[in-house]
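K.L.:
I would like to see how this sequence folds:
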Amino acid sequence: MRKFLLLMTILGLCLPNSLWAQERTVSGKVTSEVDGSSLPGVSVLLKGTSTGTVTDVEGNYRLSVPTTGGTLTFSFIGFTTTDVAIGANSVIDVTLSEDV
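P.N.:
Okay, here's the model as predicted:
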């Protein structure tokens, strides 16, 4: 019995942490539809939560999201707010159009 418990403990410690992970990382780049330039400072929020981030100077973002579904909301002053379903994607690049 002791050998079995020792073996189970060792196996439990050797398994990768990703087996217990309840989140995954989604990343991407936000650009302008007008000229294709990157948009720094875009707000990226996981819809229905307070989880979010802001794009860096190159328009890149990285956000931890639940493993099941969800929707990202991209908003920036002067541009139309855009919602994108995450699905199984790990990279989501978004192009924002100007708000008229």
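
K.L.:
next helix or strand past the helix or strand Thr53 falls within?
P.N.:
Secondary structure assignment for Thr53, by DSSP states H and E: strand 52-54. Reading on from strand 52-54 to the C-terminus, the next helix or strand found by DSSP H and E is strand 60-66.

K.L.:
could you say what helices and strands the following helix or strand past that following strand packs with?
P.N.:
Secondary structure here is assigned by DSSP H and E; on that basis, the next helix or strand after strand 60-66 toward the C-terminus is strand 71-75. For strand 71-75, the packing partners by 3 or more CB pairs under 8 Å, 6 or more residues apart in numbering; DSSP states H and E come out as strand 43-46, strand 82-85. Any C-beta I mention is one placed from the backbone N, CA and C, and that applies to glycine too.

K.L.:
show me where pLDDT drops low in this structure?
P.N.:
11-12, 14-21 (pLDDT under 70).

K.L.:
Name the residue closest to the centre of it, please.
P.N.:
Note on the chain: the residue nearest the mean C-alpha position is Val26, at 2.9 Å, using CA atoms, centre = their mean.

K.L.:
Pull out the buried residues from the strand holding Thr53.
P.N.:
Buried residues in strand 52-54, defined by neighbour count with 16 or more other CB atoms under 10 Å: Thr53.
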